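1. next input, structure requested:
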Amino acid sequence: MTRGSQRRRMIEVAIMLAALAGVASMGLAASFPFIPIANNVMLVGGWFVMLAAGIRTLMSAVRWVRRARWKVPATIAFAFAIVGFVCLVLAGRFAVAMGMRVDESFSYRGATYYVQNEGFMDPVCVVYEQNGLITMREVQRYEERGVPDGVDDELAAALVDGTYGPTAD
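-> The predicted structure follows:
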């Protein structure tokens with residue numbers, strides 16, 4: 001059996017490891033080209049794990065402030081913790097919003113391809129080919145071209161072969 005203080009330490013370590021796992025999940029999703037569903041699950045899942053760890057940490061901080069000998073410094077430290085938590089939540093939410101991928105997929109010559117808009121202000125159409133169970137690789141990049149609304153056989157050939165130019169629609 002573990003005593004109360006040992007149990008609390010184990011919970012704190014588990015929370016810290018969960019927060020690190022959330023950050024790692026979001027970092028992996030941002031660093032490697034995963035298929036859209038895997039990318040989105042990693043981003044949103046990592047954000048929710050970080051959110052839960054932050055809430056649990058704030059609950060521990062409330063308990064610490066209540067038991068503190070010097071209330072004013074503890075309250076000031078708690079206020080900084082709340083501001084940091086809010087900034088973390090907003091930054092994580094922004095990262096999730098910017099990193100989400102839309103599942104615009106099509107099949108061409110027996111392979112699965114994904115078309116993504118990777119431009120923020122200017123449109124950049126990027127075509128990926130699925131090369132693993134949850135990974136993909138970049139095949140073509142079209143600067144100043146938006147993602148087409150629908151992909152038929154002719155447009156799929158143009159996207160993959162590199163002929164999706166300014167005159168193609």
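2. center of this protein, which residue is that?
-> Centroid-nearest residue in the chain, with CA atoms, centre = their mean: Leu43, separated by 2.6 Å.
3. check which helix or strand it maps to.
-> Assigned by DSSP states H and E, Leu43 belongs to helix 36-67.
4. next one: the closest residue in space to Gly162 that isn't next to it in sequence, what pLDDT does it get?
-> Closest residue to Gly162 apart from its sequence neighbours, by CB to CB, 6 or more residues apart in numbering: Gln140 at 5.4 Å. Backbone N, C-alpha and C define where each C-beta goes, glycine included. What the model reports for Gln140 is a pLDDT of 91.
5. so Gln140 is in which element?
-> Assessed by DSSP H and E, Gln140 sits inside strand 136-143.
6. that strand packs against which elements?
-> The contact analysis (3 or more CB pairs under 8 Å, 6 or more residues apart in numbering; DSSP states H and E) places strand 136-143 against strand 124-130, helix 153-161.
7. in it, what counts as buried?
-> In terms of neighbour count (16 or more other CB atoms under 10 Å), strand 136-143 has its buried residues at Met136, Val139, Gln140, Tyr142.
8. show me what contacts the first one?
-> Going by CB atoms under 8 Å, 6 or more residues apart in numbering, Met136 touches Pro33, Phe34, Ile35, Tyr114, Tyr128, Glu129, Gln130.
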